[in-house]
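# okay, sequence plus prediction incoming.
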Amino acid sequence: MTLPNLLIVGAQKAGTTWLHECLGKSGHVFASSPKELNFFNARDHLEKLPEYEAAFKAGRKARWRLESTPHYFRLPEEGLDIAARIHDLLGAEVRLLVMLRDPVERYLSSYTHHMMQGRLSYQAEITEMSDEYRMLGLGDYASILTHWQTVFPRIGVFFYDDLQENAVGLTERVMAHLGTPNDIPARDADFLTNAKSVKKDRTETSREWPSMPVLSEDLERRLAVYYRAEVRALAEWTGRDLSHWASLR
């Protein structure tokens with residue numbers, strides 16, 4: 001079977017679209033189209049295996065065959081352990097990448113996304129701390145990583161901060177992690193995807209919004225308190241200085 005050997009598994013709203021598109025510009029990487037195949041989180045996923053395999057046949061000779069579904073990155077629930085599913089089908093040698101972002105910022109981006117999709121009503125100022133659509137729980141990075149690392153000890157952890165500060169440098173670090181020469185030209189790493197200020201005018205639901213949503217000061221404080229222990233654990237686990245994230249400021 002021709003299946004992926006490289007997955008970007010999360011986190012949602014943390015730069016996975018950019019990373020998928022950027023890696024797809026390498027001659028060493030075949031990136032699936034569409035990006036999100038939502039295979040391992042599907043009910044009775046093995047029934048869809050022929051369709052899943054077909055998405056990678058054109059890339060059978062590539063060093064890396066990439067799929068990116070940020071909804072994979074979550075804790076087991078209701079008997080569904082996505083990390084275990086990936087291991088069972090693709091084996092221990094599949095390489096996993098994860099992009100992480102300040103969870104308070106990620107919450108705002110996620111909430112805005114669901115408003116744009118019409119799932120939540122528009123609010124100029126978001127005041128609600130809700131786990132609808134897993135908006136809150138998907139930011140529990142340390143807890144999720146702790147579980148995933150038991151299944152995939154070599155999971156590569158990267159940060160949205162680095163995408164904002166030096167996209168080319170981030171590309172180089174990801175390719176080095178994969179042990180693959182970086183053949184992505186610097187100019188091809190310098191682009192934006194999913195910018196909300198741009199998407200606002202492209203989305204019928206949001207086109208008439210008077211402004212882009214923001215978090216209320218009270219909600220930002222409550223989210224910071226909620227995520228504080230998770231962010232501290234993540235900083236310790238990765239050795240990364242995250243003192244600028246809202247939860248630790």
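Everything's here; your move.
# burial count for the closest residue in space to residue 102 that isn't next to it in sequence?
Leaving aside its chain neighbours, residue 102 sits nearest to residue 245 (4.4 Å; criterion: Cβ to Cβ, 6 or more residues apart in numbering). Where you see a C-beta, it was placed from the backbone N, CA and C, and this is true even at glycine. By other Cβ atoms under 10 Å, 23 other residues sit near residue 245.
# roughly how far does residue 57 sit from residue 30?
Separation of residue 57 from residue 30 (Cβ to Cβ, to the nearest Å): 10 Å.
# which of the two has more neighbours?
For residue 57 and residue 30, the more surrounded residue by other Cβ under 10 Å is residue 30, and the numbers stand at 25 against 11.
# SS state for the more buried one?
Using DSSP: H, G, I helix; E, B strand; the rest coil, the structure places residue 30 in strand.
# that one touches residue 55, doesn't it?
No. Assessed by Cβ atoms under 8 Å, residue 30 is found out of contact with residue 55, at 9.8 Å.
# the residue nearest to residue 102 and residue 100 touch, don't they?
No. Residue 245 is beyond contact range of residue 100, at 9.9 Å (criterion: Cβ under 8 Å).
# what does the longest helix along the chain contact?
In terms of residue count, the longest helix belonging to the chain (DSSP state H) is helix 217-238. Outside helix 217-238, the residues within contact range by Cβ atoms under 8 Å, 6 or more residues apart in numbering are 100, 103-104, 107, 126-129, 136, 139-143, 145-146, 157, 215, 240-243, 245-249.
# so which of those belong to strands?
Counting by DSSP state E, those place 100, 126, 157, 215 in strands.
# and the third one, what's its pLDDT?
Note on residue 157: pLDDT of 98.
# mind listing the strands for this protein?
Using DSSP E, the strands of the chain run over residues 6-10, 29-31, 64-68, 95-100, 125-126, 156-159, 214-215.
# Provide a list of residues in contact with residue 1.
With Cβ under 8 Å, 6+ apart as the criterion, the residues that contact residue 1 are 49, 53.
# next one: the closest residue to residue 42 other than its chain neighbours from residue 38, what distance?
Closest residue to residue 42 apart from its sequence neighbours, by Cβ to Cβ, 6+ apart: residue 48 at 6.1 Å. Taking Cβ to Cβ as the measure, residue 48 falls 9 Å from residue 38.
# likewise for residue 67?
Using Cβ to Cβ, residue 67 is found at 10 Å from residue 38.
# these two - which one has more neighbours?
In this view residue 67 and residue 38 are compared by other Cβ under 10 Å, and residue 67 has more residues nearby, 26 against 14.
# and that one, what are its bridge partners?
Beta-bridge partners for residue 67, by DSSP bridges, are residue 7.
# is it correct that it is in contact with residue 34?
No. The pair residue 67 / residue 34 is not scored as a contact, 9.6 Å apart, by Cβ under 8 Å.
# measure the closest residue in space to residue 180 that isn't next to it in sequence to residue 63 for me?
The shortest distance from residue 180 to any residue other than its chain neighbours is 5.1 Å, reached at residue 28 (Cβ to Cβ, 6+ apart). Look at residue 28 and residue 63: by Cβ to Cβ, they are 4 Å apart.
# shared neighbours, these two?
residue 180.
# tell me which of the strands of the chain sits most buried.
strand 6-10 (a mean of 26; mean count of other Cβ atoms under 10 Å).
# tell me the average confidence for it?
Mean predicted confidence for strand 6-10 is 98.
# dump it to PDB, restricted to CA.
Taking C-alpha atoms only, strand 6-10 is exported to PDB below (Å, rounded to 0.1, in the frame of the first residue of the first chain):
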ATOM      1  CA  LEU A   6       4.600  12.000   7.400                       C
ATOM      2  CA  LEU A   7       1.700  13.600   9.200                       C
ATOM      3  CA  ILE A   8       1.100  17.100  10.600                       C
ATOM      4  CA  VAL A   9      -1.400  16.200  13.300                       C
ATOM      5  CA  GLY A  10      -2.100  19.600  14.900                       C
END
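# perfect, that will be all.
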